[in-house]
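[1] what's the 3D shape of this:
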Amino acid sequence: MRARSRAELARALARKHVPNDVADVVLDRLAEVGLIDDAVFARDWLAAGERRQKSRRALLAELGEKGVDRDVIEAAVAELDSDRDYLVARGFAERKVRSLVGLDPQVQYRRLAGALARRGFGASVVAQVTREVLAETAELAE
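    Down below sits the predicted model:
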């Protein structure tokens, strides 16, 4: 189980054929007592993204899919560290590169860069982290 956004709960109620006016009353009451708070949900979702090793861009897309309001998302993103993507990508790459030992350097670069890109990291972060991690790995191998 995980926390849900207001929009996710509204969709769940609609799937259960709960009338809209009743669903609105229920959701308003849940928000009133603090059981639904999209700002807290967005902040928690972004914090969990570091554990899941995803980029800021991928997390923003996920929040949008979950129906969180754009203003709420922007407020939550403002609290994130600007170097977060680099640090998360670096941590992921350091773990991933262990599985690439013994492969041709071009293959290592391609696989590591692809894995980072699939996690939503931008091209500049992917290139920087991939170069750094592979250079350090090559130094250790020598």
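[2] V125 contacts A89, correct?
    Yes: at 5.2 Å, V125 and A89 qualify as touching, with contact defined as CB atoms under 8 Å. In this view, the C-beta of every residue, glycine as well, is placed from N, C-alpha and C.
[3] D38: neighbouring residues, count only.
    Per other CB atoms under 10 Å, the neighbour tally for D38 reads 24.
[4] hang on, the earlier thing: mind checking which of V125 and A89 has more residues around it?
    Legend: neighbour count by other CB under 10 Å for V125 and A89, higher for A89 (25 against 20).
[5] Now the residue most central in space within the chain: which helix or strand?
    By CA atoms, centre = their mean, the chain has its centre lying nearest to L59, at 3.2 Å. Under the criterion of DSSP states H and E, L59 resides in helix 56-65.
[6] these two touch, right, the residue nearest to the centre of the chain and G49?
    Yes: here L59 reaches G49: they are 4.2 Å apart, a contact under CB under 8 Å.
[7] For burial, what's the neighbour tally of L112?
    By other CB under 10 Å, the residues close to L112 number 24.
[8] Kindly give the local confidence score, pLDDT, for it.
    The score at L112 is 95. That number is its pLDDT.
[9] pLDDT averaged over the top helix by length along the chain, what's the number?
    Determined from DSSP state H, the single longest helix within the chain is helix 123-141. Helix 123-141 carries an average pLDDT of 89.
[10] what about that helix, distance to the chain center?
    22 Å (CA atoms, centre = their mean, to the nearest Å).
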